[in-house]
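Enquirer: kindly return the folded structure for what I paste below:
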Amino acid sequence: MTRDVFVLVESNTTGTGRLFPAAARALGLHPVLLAADPSRYASVGGAEVVRTDTDSVPAVIDACRRPAVGRRVVGVATSSDYYVETAAAAAVALGLPANSPADLAAVRDKGTQRARLAAAGVRVPRFTVAGSVEEVLAAAARTGYPVVVKPVTGSGSLGVRLCADPRQAAGHARALLSRESDERGRPVPRRVTVEEFVSGPEYSAEVLDGTVAGITAKHLGAPPLFVETGHDFPAALAPAAREAITEAAEAAVRALGIALGPAHVELRLGPAGPVLIEVNPRLAGGWIPRLVREATGADLILGTVAAFAGLPSPVAVTAAGGAAIRFVVPAESGRLRGIDGVAQACAVPGVVDVETYREPGAEITVGGDFRDRIGHVLARGATAAEAAAAAEEGVGRVTVSLAVRQEVRA
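Expert: Next up is the predicted model:
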């Protein structure tokens, strides 16, 4: 039996990225993963893998035009932040559903994104795009310390830091501006944003086809970093705050032209209301789509595949519960001796999944971004608070043993 083809242009190498092929099959589609280096993937979710130069739009288009005999490509997408423009450009060339590649390029550049949002009346932090240490220091002085300094592209809190004074701002900016490539080896712009720090709790709105499907409460590690250590869904919010966050998120995706498929919109609820931190034109990471499914039955991954394949949305809310996740984050770098307590965490009532990401002997480098997370405990409950309590208890039973590196001193 021949099946229509759904193409993924690269994918997340961890987390929910590996669930996209299963969603495609559930919709009767044959999943194909285009990858420049298939060895990057420990799992491809059963997708057919085609080695392709995914940094080249013409190469991706050519690969999409050569499906197996009797098959046609009906959708092109990605779960990776780095390839949304490429996937959209290929889809447009093939006459398939997609957002505008130009709009996506603007969204992925945080400076351009902020400017568009501000012009549309969406509240964002005061910000400046800077291309040198001197420009960073001048912008920080105008904004007032502390400031957030981060690269204009990237995701997963990579390179994001709260800087308390000129020394910290200069040191972090110098490190960012000296970077030549991202974690995928692709060239990065030599620009950063210098932003006002907005105090208040952080949330993310999970958007599908322009409409907020739910709001997640975010848990962050200690400053000056912004490592996400856990999530609760749905967020416990007063009705007025929920409405304000929903309105801000939906206004943001309209302003940015993300009418089709998912968006992960991060906000802080400041003293004067929601302030939009950034919009990502993809599904959330950190297993948030699974939290949504565990809590409500709504499958955002299935909905994303359907959107880009031109199929009716299959997303439906069938439950009214809560879900939460807590990540295992080591306190320092070193060689991993072991992770204990997994069975004990699994035994906590409400815990539905415990996973570790690293094997004994792995070198662990704590760098202040999503790669610090080496495992998780995920729980479900009648409410998000009940699920959060179970996840907290579960992660508290997990212990990490490290052989800490000894610094060599002259």
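Enquirer: so where do the strands sit in the stretch 151-300 of the chain?
Expert: With DSSP state E, counting those that start in this stretch, the ranges of strands along the stretch 151-300 of the chain come out as 161-163, 192-196, 202-208, 211-220, 228-233, 262-270, 273-280.
Enquirer: quick one, helices of the stretch 101-250 of the chain?
Expert: For the stretch 101-250 of the chain, the helices defined by DSSP state H, counting those that start in this stretch cover 101-108, 110-119, 133-143, 166-177, 239-256.
Enquirer: any chance of those helices in CSV, plus distance to G28, mean neighbour count and mean pLDDT?
Expert: The way it works is simple: take the backbone N, C-alpha and C, and place the C-beta from them, glycine included. Formatted as CSV, the helices of the stretch 101-250 of the chain follow (distance: least, CB to CB, whole Å; neighbours: other CB atoms under 10 Å; pLDDT from 0 to 100):
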stretch, distance to G28, mean neighbour count, mean pLDDT
helix 101-108, 27, 19, 96
helix 110-119, 36, 18, 95
helix 133-143, 51, 17, 97
helix 166-177, 45, 18, 96
helix 239-256, 28, 18, 98
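Enquirer: if I pick R126, what's in contact with it?
Expert: Applying CB atoms under 8 Å, 6 or more residues apart in numbering, we find R126 in contact with T143, E195, E196.
Enquirer: so which of the residues you listed is the closest to G321?
Expert: Nearest to G321, judged by CB to CB, of these is E195 at 35.8 Å.
Enquirer: how close does the closest one get to A139?
Expert: Separation of E195 from A139 (CB to CB, to the nearest Å): 9 Å.
Enquirer: find the residues that touch each one of those two.
Expert: Counting by CB under 8 Å, 6+ apart, the residues touching both E195 and A139 are T128, V147.
Enquirer: and stretch 331-342, what's its mean pLDDT?
Expert: Stretch 331-342 carries an average pLDDT of 94.
Enquirer: got it, and stretch 3-18?
Expert: 88.
Enquirer: gap between the residue nearest the centre of the chain and D81?
Expert: Nearest residue to the geometric centre of the chain (CA atoms, centre = their mean): G285, 3.7 Å. The gap separating G285 from D81 is 9 Å, by CB to CB.
Enquirer: kindly report the same for K218.
Expert: Between K218 and D81 the computed distance is 17 Å (CB to CB).
Enquirer: what do you get for A244?
Expert: Taking CB to CB, one finds A244 at 26 Å from D81.
Enquirer: do the same with A307
Expert: Here the distance between A307 and D81 works out to 17 Å (CB to CB).
Enquirer: who's more crowded, these two?
Expert: A307 (23 against 20; other CB atoms under 10 Å).
Enquirer: residue contacts, the more buried one?
Expert: Going by CB under 8 Å, 6+ apart, A307 touches P97, L208, D209, L260, G261, P262, S313.
Enquirer: cutoff 10 Å now
Expert: A307 sits next to 75, 77, 97-99, 208-209, 259-262, 313, 315 when contact means CB atoms under 10 Å, 6 or more residues apart in numbering.
Enquirer: quick one, grab the pLDDT at it.
Expert: On pLDDT, A307 comes in at 98.
Enquirer: now do the one 3 residues further on
Expert: pLDDT, the model's per-residue confidence, is 97 for G310.
Enquirer: count the neighbours of it for me.
Expert: 11.
Enquirer: could you find the closest non-adjacent residue to it?
Expert: P97 (4.9 Å; CB to CB, 6 or more residues apart in numbering).
Enquirer: now do A295
Expert: That would be A323: by CB to CB, 6+ apart, it lies 4.2 Å from A295.
Enquirer: that neighbour bridge partners, please.
Expert: Legend: beta-bridge partners of A323 under DSSP bridges are F233, R380.
Enquirer: could I get the strands of the stretch 151-300 of the chain in CSV, plus columns for mean pLDDT, distance to V49 and mean neighbour count?
Expert: Below are the strands of the stretch 151-300 of the chain laid out as CSV (pLDDT from 0 to 100; distance: least, CB to CB, whole Å; neighbours: other CB atoms under 10 Å):
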stretch, mean pLDDT, distance to V49, mean neighbour count
strand 161-163, 96, 36, 21
strand 192-196, 95, 35, 24
strand 202-208, 98, 27, 25
strand 211-220, 97, 30, 19
strand 228-233, 96, 30, 25
strand 262-270, 96, 23, 23
strand 273-280, 96, 25, 22
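Enquirer: got TSV for the ones you listed, with distance to A63 too?
Expert: As requested, those are exported to TSV (distance: least, CB to CB, whole Å):
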stretch	distance to A63
strand 161-163	38
strand 192-196	34
strand 202-208	27
strand 211-220	31
strand 228-233	34
strand 262-270	23
strand 273-280	25
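Enquirer: between the ones you listed, which gets nearest to T86?
Expert: Nearest to T86 among the strands of the stretch 151-300 of the chain is strand 273-280 (15.8 Å), distances taken as CB to CB.
Enquirer: that closest one: partners in the sheet, and parallel or antiparallel?
Expert: For strand 273-280, the paired strands and their directions (DSSP bridges) read strand 262-270 (antiparallel).
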